[in-house]
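Participant: Pasted the sequence and its predicted model underneath.
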Protein chains: 2
Amino acid sequence: MAEEVVRVARPTMADIADHLGISRPLVSIVLRNAPGASEQTRQRVLRAARELGYTPHQGARSLRQSRSRHLGVTFVPAHASEPEIIESVYAAAAGHGYQVLLSVQTPARDQHQTVEELLSYRCAAILALGSELTHAQLKALADRAGVPTVLVGTGHRNASYDVVHSDGQHGIAQAVEHLAGLGHRHLAYLHCPTLPAAAERLRGFTSAAARAGLHGRVVEVRELGYTEEAGSEAARRLLAGTPLPTALVAGNDQQAIGAMWVLARAGVSIPEQLSVTGYDDTRFARLSAVDLTTASQDTVALGQRAVTAAVRRIEQPGLPPRCIPVEPRLIIRSSTGPPPGGS
Amino acid sequence: MAEEVVRVARPTMADIADHLGISRPLVSIVLRNAPGASEQTRQRVLRAARELGYTPHQGARSLRQSRSRHLGVTFVPAHASEPEIIESVYAAAAGHGYQVLLSVQTPARDQHQTVEELLSYRCAAILALGSELTHAQLKALADRAGVPTVLVGTGHRNASYDVVHSDGQHGIAQAVEHLAGLGHRHLAYLHCPTLPAAAERLRGFTSAAARAGLHGRVVEVRELGYTEEAGSEAARRLLAGTPLPTALVAGNDQQAIGAMWVLARAGVSIPEQLSVTGYDDTRFARLSAVDLTTASQDTVALGQRAVTAAVRRIEQPGLPPRCIPVEPRLIIRSSTGPPPGGS
DNA sequence: TTGTAGGCGTTATCAG
DNA sequence: CTGATAACGCCTACAA
């Protein structure tokens, strides 16, 4: 006669042990796949756990274990490339035996709060995606955190935190070289001075344009950041002036797409009248109706290296932080082509 | 002479107590703002906590307290409207004294895994955003979870979980009525039969079109879901056929935007030649270059009601789950206008 | 292979 | 207002 199980609260390992008439540690051994239990016991325990609806208690586990197997991630959900990096972080973390804990930044929750939250779960390391903090602020954050901290985005080697860094200068330069190769002579670059990554990408543009002997005009949009609106605003300014350049190099995909919207609706055909390039290779760039030539960030590599960097410093706390470059690669799609009139 | 603090591990309440020569519980009282400590003690404790870099230990806290103050949220990062709902959930949860724990679904992590993860942190309730599970699967999930579960998306009142439900039929009907009022007679509706929300929105279209005596054509795109690609595909089909309808009603903003891309690049001017409507009022619909007429989901209300529903059932576990409708409201922007030729 | 004892950081209870 | 003590669920040692 089967015993009626009235589930009052969530069952614990002790409940499983009592249920089977065995000891608690034996249940623990089975549930974390440790050696030291007979095959028969193992099966009985696993079966009982399933039947009773057992769920491990992370709180108890992290309390008991001195070192936790968690990586904390702070991010801004609206940033286009971050969902993909997060997927990659999940996969890479699982490969190293770590779990992921997320904390989102919103207008009402700044990065300090999110980091504080992650620390309260005793994460073994913090990954900050696309932080808009200055170096001094990040340094303070990392020092305060007391756990390895990895910035995924733009930054330089320093003594406080690791940086996994997509080489913006090189990425933009590739776009310029591609356009030069197609015969373009008059480029415009869309620059948003407020972001940490902006200076490096601008440098990529100006130096590559100079090397190729091109006329490179810089359209500076303040205040709007790396957003579609900034791209739209820049496109409106280009349309208001004459003549149009033959190609527009944007600082990221969101800007490029914002510009393409305005250009398309103004009747400018892309790429016949104007070529456009982006940066990041977000899923929007890959849409068949957009098909944007863009410097791919390789989100899989970014996520993997960020996790590797974190795990390295968790396991060898003495090591100094590193700066790990990830080279972008230009993905050529149909938003770029020869300039009009072949000039 | 200030004492040198060598930070070996993260300090605990005991460290603060020892540092000040007081008892551990007193520190606890101060740090959770409970009554029973003198103002002077309070200040000393808070000061020491700051200086020592104290961070509370959620694991220990949730172990000690029988009921946790956490809401677990599962979501898909790529879904356009979910970041906004999450921001609203954070704010609403904070208002009720709850924290939020996130778990993302990826192709490699299904919703069962995410829920299991949230339960392992002993969340007091689970909020599932835009689940693509069937009712039977959700019911199994909720029953297994053993904590109040709230589906934010499309569903019906049932005995296992709460539903906070944006009324898709009414939202789409409002778009149809708006277009009818502008004088449109030939509409197309973009239907993706694979999604749970699809049937309801289609019903909104057909019934409103019938009421207004319009010619309503349904373009069915299988397989691509509520994505930009589905919208692009539908637009290509419309362009291939003749004549064009004068307005396109899409099942969500992503579809509408995918269609607008193709239409704009094909030289169809919006709204002069063709009006377009969406659903959700995502941030993309609000971009100045898109400016899409759309049924607003009111993400703030969705998040608030989801949290309220969860808290209600946490605090009164006996109550049956409810279905809470959130009425969408049509936001009229410049993607809709009178039909060409005034017909 | 299995069982016993103890402690992780926090909070609840109760006594001073 | 403050302090001692126990307990939450789990894991590690060690003993049987």
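Facilitator: Yep, it's here.

Participant: domains of chain A?
Facilitator: A:13-56, A:68-167+A:298-327, A:168-297+A:330-342 (automatic domain parsing).

Participant: Take these and write them to TSV, including mean pLDDT.
Facilitator: Shown next, in TSV, are the domains of chain A (pLDDT from 0 to 100):
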stretch	mean pLDDT
domain A:13-56	86
domain A:68-167+A:298-327	91
domain A:168-297+A:330-342	93
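
Participant: Looking at those, which is nearest to DNA strand C?
Facilitator: Among these, the nearest to DNA strand C by CB to the nearest atom of the strand is domain A:13-56 (3.2 Å). Placement of C-beta: from N, CA and C, glycine included.

Participant: which parts of stretch A:34-50 are buried?
Facilitator: A:37, A:41, A:44-45, A:48-49 (16 or more other CB atoms under 10 Å in any protein chain shown).

Participant: Is it positioned near chain B?
Facilitator: No - under the criterion of CB under 8 Å from any CB of the partner chain, stretch A:34-50 makes no contact with chain B; the nearest approach is 10.4 Å.

Participant: The stretch 51-200 of chain A against DNA strand C: which residues are in contact?
Facilitator: A:60, A:63-64 (CB under 7 Å from any atom of the strand).

Participant: give me the subset of those residues touching DNA strand D.
Facilitator: Within those, those near DNA strand D by CB under 7 Å from any atom of the strand are A:60, A:63-64.

Participant: Stretch A:118-132 close to chain B?
Facilitator: Yes - shown here: stretch A:118-132 in contact with chain B (CB under 8 Å from any CB) through A:119-122.

Participant: Quick check, A:L52 in contact with A:L20.
Facilitator: No - applying CB atoms under 8 Å as the test, A:L52 and A:L20 come out as separate, 10.2 Å apart.

Participant: Up against DNA strand D, what does chain A have?
Facilitator: A:9, A:12-14, A:24-25, A:28-29, A:31-32, A:34, A:56-57, A:60-61, A:63-65.

Participant: First-to-last residue distance for stretch A:180-190?
Facilitator: For stretch A:180-190, the first-to-last residue distance is 17 Å (CA to CA, to the nearest Å).

Participant: is chain B contacted by it?
Facilitator: No - Stretch A:180-190 lies apart from chain B when judged by CB under 8 Å from any CB; the minimum separation is 14.2 Å.

Participant: the strands in chain A, which residues?
Facilitator: A:70-75, A:99-104, A:125-129, A:149-153, A:162-166, A:186-191, A:215-220, A:247-250, A:275-280, A:293-296, A:323-326, A:329-331 (DSSP state E).

Participant: Of the ones you listed, which stretch is the most buried?
Facilitator: strand A:247-250 (a mean of 32; mean count of other CB atoms under 10 Å in any protein chain shown).

Participant: Which strands or helices does that strand pack on?
Facilitator: Here strand A:247-250 touches helix A:168-182, strand A:186-191, helix A:228-240, helix A:253-265, strand A:275-280, going by 3 or more CB pairs under 8 Å, 6 or more residues apart in numbering or on different chains; DSSP states H and E.

Participant: Can you tell me what sits against that strand?
Facilitator: A:172, A:175-176, A:179, A:184, A:186-190, A:205, A:231, A:234-235, A:238, A:256, A:259, A:274-279, A:336, A:339 (CB atoms under 8 Å, 6 or more residues apart in numbering or on different chains).

Participant: Extract the CA atoms of it and return them as CSV.
Facilitator: Presented in CSV, the C-alpha positions along strand A:247-250 are these (Å, rounded to 0.1, in the frame of the first residue of the first chain):
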residue,chain,number,x,y,z
ALA,A,247,29.1,55.4,-48.3
LEU,A,248,28.2,55.7,-44.6
VAL,A,249,30.2,53.9,-42.0
ALA,A,250,28.3,53.6,-38.7
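
Participant: Within the sheet, what are the partner strands of it, with directions?
Facilitator: Strand pairing for strand A:247-250, determined by DSSP bridges: strand A:186-191 (parallel), strand A:275-280 (parallel).

Participant: Can I get those strands in TSV including distance to A:E132?
Facilitator: Below are these laid out as TSV (distance: least, CB to CB, whole Å):
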stretch	distance to A:E132
strand A:186-191	17
strand A:275-280	16
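
Participant: ok and the longest helix seen in chain A relative to strand A:125-129, angle-wise?
Facilitator: Identified as the longest helix of chain A according to DSSP state H is helix A:299-315. With axes from the mean of the first three to the mean of the last three CA atoms, to 10 degrees defining the directions, helix A:299-315 sits at 150 degrees from strand A:125-129.

Participant: mind saving the C-alpha coords of helix A:299-315 as CSV?
Facilitator: Extracted in CSV, the C-alpha atoms of helix A:299-315 (Å, rounded to 0.1, in the frame of the first residue of the first chain):
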residue,chain,number,x,y,z
THR,A,299,29.6,36.9,-29.8
VAL,A,300,30.4,33.2,-29.2
ALA,A,301,34.1,34.0,-28.9
LEU,A,302,33.4,37.0,-26.6
GLY,A,303,31.3,34.9,-24.3
GLN,A,304,33.7,32.1,-24.2
ARG,A,305,36.8,34.2,-23.6
ALA,A,306,35.0,36.2,-20.9
VAL,A,307,34.1,33.0,-19.1
THR,A,308,37.6,31.6,-19.6
ALA,A,309,39.1,34.8,-18.2
ALA,A,310,36.9,34.7,-15.1
VAL,A,311,37.5,31.0,-14.4
ARG,A,312,41.3,31.5,-14.8
ARG,A,313,41.3,34.2,-12.2
ILE,A,314,38.9,32.3,-9.9
GLU,A,315,41.2,29.3,-9.9
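
Participant: How many neighbouring residues does A:S269 have?
Facilitator: By other CB atoms under 10 Å in any protein chain shown, 12 other residues sit near A:S269.

Participant: Not counting sequence-adjacent ones, nearest residue to it?
Facilitator: B:R265 (7.5 Å; CB to CB, 6 or more residues apart in numbering or on different chains).

Participant: ok now do A:P245, which residues does it touch?
Facilitator: Here A:P245 is in contact with A:186-188, A:217, A:238, A:274 (criterion: CB under 8 Å, 6+ apart).
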